[in-house]
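**Student:** have a look at this prediction, sequence included:
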Amino acid sequence: MKNVSKNWQERIVPVMLITITLLFISLFLVLPLVSVFVEAFRNGTALYFASFKDDYVWSAIYLTIICALIAVPLNVVFGVVAAWCIAKFKFWGRNVLITLIDLPFAISPVIAGLVLVLAFGQRSALGSWLIDHGLTIIFAPPGIILATVFVTIPFVARELIPLMEEQGTLEEEAAVALGAGGWSIFWRVTLPNIKWGLLYGVILCNARAMGEFGAASVVSGHITSTSTIPLYIETLYAGYDAVAAFSLATILACLALVTLVAKSIVEWKVKRERAREA
């Protein structure tokens, strides 16, 4: 009797857990995603494509792409350097550096935007000096770029730090013993070992950069000319232009799907390489 009860529990528990997981994903992920496309095409494809004739829509798309093209490479360079320092060397302040890297995860993006306003706004000494020299940061595209860079700082570094710590320094030390230089060691030893982790971090960083809202909303000043895709979606929806808002939202939804597929491919590649090494 005990064996029958045990076998029943072993069968029903996984089914229950899988059912709960699927219901949760369907309710909070799949349903909202499907709703975006349903609302965008509710009045036909003609009205959907007409939404993209607005010059401000293309301005928002252009600014979003520019922010991503600047923020992602900067965070790649910073992430690789920071991960290399933290994983390969022991130095005073190492834990402080790790904490600072995680700072954008710990504070609200809105607070980050307010900090940027205080640092680079017209009332600050630095912001006033920049404005006097013809460079406006806040309520202008440079402020959006700074906000995007700030919120995406942890993604590449956080993917690479545990990976580099796991790999250790034996291969680099062997390369040094054979007479290899610093750049040669990085390109031929370090980079091949971290390539999939780096690509994974870049994918997440790019998705976060294009979807940033909170900090960008604060530093943009809700000016249409400084709106990214998420900010202009809010403007359209607040203006009761729901079709245009959902039409523009389909771009972010497609980005999310592409990110998911790319993430899955990278994870599959990593598993296959590990299986080969084993």
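**Tutor:** Yep, it's here.

**Student:** okay, now the unreliable bits of the stretch 151-278 of the chain?
**Tutor:** Residue ranges of the stretch 151-278 of the chain with pLDDT under 70: 277-278.

**Student:** how is the protein divided into domains?
**Tutor:** Here the domain parsing of the chain from automatic domain parsing is 1-40, 44-277.

**Student:** just say which of the ones you listed is most tucked in.
**Tutor:** Comparing those by mean neighbour count (mean count of other Cβ atoms under 10 Å), domain 44-277 comes out on top with a mean of 17. The C-beta positions use only the backbone N, C-alpha and C, and glycine is treated the same way.

**Student:** can you name every helix or strand that the one helix or strand residue 127 maps to contacts?
**Tutor:** Taking DSSP states H and E as the definition, residue 127 sits inside helix 125-132. Contacts defined by 3 or more Cβ pairs under 8 Å, 6 or more residues apart in numbering; DSSP states H and E place helix 125-132 against helix 109-120.

**Student:** circling back to that earlier point, give me the contact list for the helix holding residue 127.
**Tutor:** 119-122, 136-138 (Cβ atoms under 8 Å, 6 or more residues apart in numbering).

**Student:** residues making contact with the very next helix or strand once past that helix?
**Tutor:** Elements were assigned by DSSP H and E; along the chain past helix 125-132, the next helix or strand is helix 141-151. Helix 141-151 is touched from outside by 63, 66-68, 70-71, 74-75, 104, 109, 112-113, 116, 120, 135-137, 208-209, 212, 214-216, 218-220, 226, 228, with contacts defined as Cβ under 8 Å, 6+ apart.

**Student:** how about the helices of the stretch 151-278 of the chain, start to end?
**Tutor:** 153-167, 170-177, 182-185, 191-211, 214-220, 229-238, 242-277 (DSSP state H, counting those that start in this stretch).

**Student:** most widely separated two among the contacts of helix 125-132?
**Tutor:** 119 and 136 (13.8 Å; Cβ to Cβ).

**Student:** got a list of what residue 48 touches?
**Tutor:** Residues counted as contacts of residue 48 (Cβ under 8 Å, 6+ apart) are 40-41, 243, 247.

**Student:** columns distance to residue 53 on top of those, output as TSV?
**Tutor:** Shown next, in TSV, are the contacts of residue 48 (distance: Cβ to Cβ, whole Å):
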residue	distance to residue 53
40	15
41	17
243	13
247	11
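
**Student:** can you tell me which of the residues you listed is nearest residue 232?
**Tutor:** residue 247 (11.2 Å).

**Student:** distance-wise, check the closest residue to the closest one other than its chain neighbours relative to residue 90.
**Tutor:** Spatial nearest neighbour of residue 247, excluding adjacent residues (Cβ to Cβ, 6 or more residues apart in numbering): residue 51 at 3.9 Å. Separation of residue 51 from residue 90 (Cβ to Cβ, to the nearest Å): 55 Å.

**Student:** ok, now residue 78?
**Tutor:** Counting by Cβ to Cβ, the gap from residue 78 to residue 90 is 20 Å.

**Student:** repeat for residue 14
**Tutor:** Taking Cβ to Cβ as the measure, residue 14 falls 44 Å from residue 90.

**Student:** do residue 102 as well
**Tutor:** Distance of residue 102 to residue 90, computed by Cβ to Cβ: 19 Å.

**Student:** these two touch, right, residue 59 and residue 225?
**Tutor:** Yes. Residue 59 lies in contact with residue 225 (Cβ atoms under 8 Å); the separation is 6.6 Å.

**Student:** mean confidence score for stretch 77-92?
**Tutor:** The pLDDT scores in stretch 77-92 average 88.

**Student:** ugh, wrong one, stretch 51-71
**Tutor:** Rounded mean pLDDT across stretch 51-71 is 91.

**Student:** return the per-residue confidence for the closest residue to residue 74 other than its chain neighbours.
**Tutor:** Excluding the flanking residues, the one nearest residue 74 by Cβ to Cβ, 6+ apart is residue 149, at 5.7 Å. In this model, residue 149 is scored at 94, pLDDT.

**Student:** residue 149 and residue 28: what is the separation?
**Tutor:** Residue 149 is 29 Å from residue 28, by Cβ to Cβ.

**Student:** taking the mean pLDDT, what do you get for the helix or strand harbouring residue 17?
**Tutor:** Using DSSP H and E, residue 17 maps to helix 2-25. For helix 2-25, mean pLDDT is 74.
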